[in-house]
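[1] no sequence on this one, just coordinates:
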């Protein structure tokens, strides 16, 4: 780990507060210099390309009757549609891959640094704990936004290369102009990023409580899987609105025209609630942590 | 405040806010208090509904069915749970049925009806000839005097049912009158009552529920969950098939072509216990569905064997109706108990 040397510079003693912008810049440099960050981003970028090519080569409309799974049946229509491809692959990746990468960022942010001993520098330095959490949250948030935007962009490009600009149409059959289509993709990407912030916030909270990044990864991933299973059980209807991934299948609503906003707004609110809970718990732990 | 105390405060406050937010979302929309509205008679209500033109609106319709239908493969229409409905107050309308992650859109503008299925990327254009539309317009002129039309309609309905205005309800946040049709005790039917909620201001029907004997929850309920009255963008009522879509053009079939020969049946009985009996067309009995199952095996799975004076066959029972298909190819359906059907079949 040669990067350890470039760890966020602890401000020189004597200066009471390091400027927030400088701390964030250092944190971002720290995140985006990690090889694994770049590898994950690269892999996410390739997914829409692979899906697009596969759908074009196979050219089958999918199993008859489709299915109820969010991403999977959206992808059935993505073959000839440059608008559905990016949003469909985002919906698919939101099932597991994107939460995994958000969890990875959250795990590295506190537990990872703890494991390497570099968190001590932060805790001993003249940086308030609230500010430390803010910097770490911004780091996770920027990473997840980058991951979503990268996927959306390669998705749009792949769709346009395969199907041309005429193929930007919604599930309601309305053909959209290029800017209108980009707006829809941006809405989808922004909504997905918000959901990932919620996952990342939970990861940060767990990260603050442990020194082992693997624990964070395992619990977030386990949580996503358990939540999906609970979501499938009709007997637990009353529990579903509490599950973060309850609204993840509603991403397809972006593709309808006019766009029904109710389910998406509810999903955004749910993510906000998770962020509030997780960040407050993370702050509580971090502020009482001994240097 | 020492750090520990502050940590606990922040943790408790943040968790409380978040949990409260989640709980609010999980809260089922409680039954709202019935709004106070000036009393109205059933006849006034029906005539005002007939008189009302549907104004420009946009709304969400929720379809809940608890019909007790046996699950039937290959009938995706039954999966529809919600639809978005738009109307321009004149000749244009748009309905979007959401089915999982795909959508079925029907756009009507004057004489042209487009339907588009996103799962198949296929569009169908149906042109209604001008004379058919004029014919319809004439039929509507029969209602030119809504008051007397309502009277005639009510007289007919009252032969078999009790019609009343049973209080008020709040549907899609709008005050509405509840019009209730109850079958007379002499009627032999599975249905207990049909309730129609009519918006108090625009007199647009907002919700219809069908209740069956022995249940408190409606067997079928179609109603707006939210509705906005007001001008809708004109482009909603235009449709251009997207790139790569399979487009088929259709003209409506003439009336006598619509029914395949041999399936002609007839109604018997009146009112709620009306039964439709007839003969199943031969080509349907021989038909196989996409997965190679024939009608016989489908009946085996859905129905149960019954026999009696009428012969023998399969009875398919749901909460709202019964159907019998006999082995010699006759059928009878109605919103009635099985006994009524076997009687009707025995008479044929």
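    Sure thing, it's come through. Just so you know, these numbers come straight off a predicted model, no measurement behind them. Residues are numbered from 1 along each chain as shown, chains lettered A, B, ... in the order given.
[2] Please make it C-alpha for all contacts and neighbour counts, starting now.
    Will do.
[3] What residue in the stretch 101-250 of chain B comes nearest to chain A?
    At 5.2 Å from chain A, residue B:118 is the closest residue in the stretch 101-250 of chain B, using Cα to the nearest Cα.
[4] how many other residues sit next to that residue?
    Neighbourhood size, residue B:118 [other Cα atoms under 10 Å in any protein chain shown]: 23.
[5] isn't it right up against residue A:171?
    Yes. Contact criterion Cα atoms under 8 Å: residue B:118 and residue A:171 qualify, at 5.2 Å.
[6] Overlap in contacts, these two.
    Residues touching both residue B:118 and residue A:171 by Cα atoms under 8 Å, 6 or more residues apart in numbering or on different chains: B:102, B:103.
[7] what's the host helix or strand of residue B:344 in contact with?
    Under the criterion of DSSP states H and E, residue B:344 resides in helix B:338-347. Under the contact criterion Cα under 8 Å, 6+ apart, helix B:338-347 has outside partners B:188, B:268, B:273, B:275, B:277, B:308-311, B:315, B:317, B:322-324, B:331-334.
[8] repeat for stretch A:181-189
    Stretch A:181-189 is contacted from outside by A:83, A:86, A:87, A:90, A:148, A:149, A:152, A:168, A:169, A:251, A:254, A:255, using Cα under 8 Å, 6+ apart.
[9] if we can go back for a sec, quick one: buried residues of the helix holding residue B:344?
    By 16 or more other Cα atoms under 10 Å in any protein chain shown, the buried positions in helix B:338-347 come out as B:338, B:340, B:341, B:342, B:344, B:345.
[10] would TSV of the residues you listed with pLDDT be doable?
    Formatted as TSV, the buried residues of helix B:338-347 follow (pLDDT from 0 to 100):
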residue	pLDDT
B:338	85
B:340	85
B:341	85
B:342	84
B:344	83
B:345	82
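[11] if we can go back for a sec, next one: the residue of the stretch 101-250 of chain B closest to chain A from residue B:307, what distance?
    45 Å (Cα to Cα, to the nearest Å).
[12] Could you do residue B:119 as well?
    Here residue B:119 is placed at a distance of 43 Å from residue B:307 (Cα to Cα).
[13] so what does the one helix or strand residue A:27 maps to touch, helix or strand wise?
    Per DSSP H and E, residue A:27 falls inside helix A:20-32. If you count contacts as 3 or more Cα pairs under 8 Å, 6 or more residues apart in numbering or on different chains; DSSP states H and E, helix A:20-32 packs onto helix A:129-163.
[14] quick one, the helix it packs on and helix A:20-32 angle?
    Inter-element angle recorded for helix A:129-163 and helix A:20-32: 50 degrees (by axes from the mean of the first three to the mean of the last three Cα atoms, to 10 degrees).
[15] next helix or strand past helix A:129-163?
    Under the assignment DSSP H and E, the closest C-terminal helix or strand after helix A:129-163 is helix A:178-209.
[16] Please see if the very next helix or strand once past that following helix touches chain B.
    Next along the chain after helix A:178-209, taking DSSP H and E as the criterion, comes helix A:213-232. No. Using Cα under 8 Å from any Cα of the partner chain, we find that helix A:213-232 stays clear of chain B, coming within 13.8 Å at best.
[17] now the angle between helix A:178-209 and helix A:213-232, please.
    120 degrees.
[18] how many degrees apart are whichever helix or strand comes after helix A:213-232 and helix A:178-209 in direction?
    Under the assignment DSSP H and E, the closest C-terminal helix or strand after helix A:213-232 is helix A:262-287. Put simply, helix A:262-287 runs at 30 degrees to helix A:178-209, going by the same axes, to 10 degrees.
[19] Helix A:262-287 and chain B, are they touching?
    Yes. Among the residues of helix A:262-287, A:266, A:269-270, A:272-281, A:283-285, A:287 lie within reach of chain B under Cα under 8 Å from any Cα.
[20] Determine which residue lies closest to the centroid of the chain.
    By default, I'm working from chain A. In chain A, the centroid-proximal residue (Cα atoms, centre = their mean) is residue A:196; its distance is 3.2 Å.
[21] if you could check chain B rather than the one you did, that'd help
    By Cα atoms, centre = their mean, chain B has its centre lying nearest to residue B:222, at 5.9 Å.
[22] who has more neighbours, residue B:119 and residue B:307?
    Per other Cα under 10 Å, whichever of residue B:119 and residue B:307 has more neighbours is residue B:119, with 23 against 13.
[23] Where does that one sit, in terms of helix or strand?
    Using DSSP H and E, no element contains residue B:119; it sits outside every helix and strand.
[24] need the contact list for the residue lying closest to it once chain neighbours are set aside.
    Distances taken as Cα to Cα, 6 or more residues apart in numbering or on different chains place residue B:102 nearest to residue B:119, at 5.5 Å, with adjacent residues excluded. Going by Cα under 8 Å, 6+ apart, residue B:102 touches A:73, A:74, A:171, B:117, B:118, B:119.
[25] Over to residue B:195?
    Contacts here follow Cα under 8 Å, 6+ apart; on that basis residue B:195 touches B:178, B:179, B:180, B:181, B:207, B:208, B:209, B:210.
[26] The closest residue to residue A:272 other than its chain neighbours: neighbour count?
    Distance criterion Cα to Cα, 6+ apart; nearest residue to residue A:272, sequence neighbours excluded, is residue A:198 at 7.0 Å. Using other Cα under 10 Å as the criterion, residue A:198 is surrounded by 27 other residues.
[27] Tell me who's in contact with residue A:198.
    Contacts for residue A:198 (Cα under 8 Å, 6+ apart) come out as A:271, A:272, A:274, A:275, A:278.
[28] Show me which of these is closest to chain B.
    Closest approach to chain B among the contacts of residue A:198 (Cα to the nearest Cα): residue A:274, at 6.2 Å.
[29] Spatially nearest residue to that closest one (excluding sequence neighbours)?
    In space, not counting the residues next to it along the chain, residue A:274 is nearest to residue A:198; the distance is 5.6 Å by Cα to Cα, 6+ apart.
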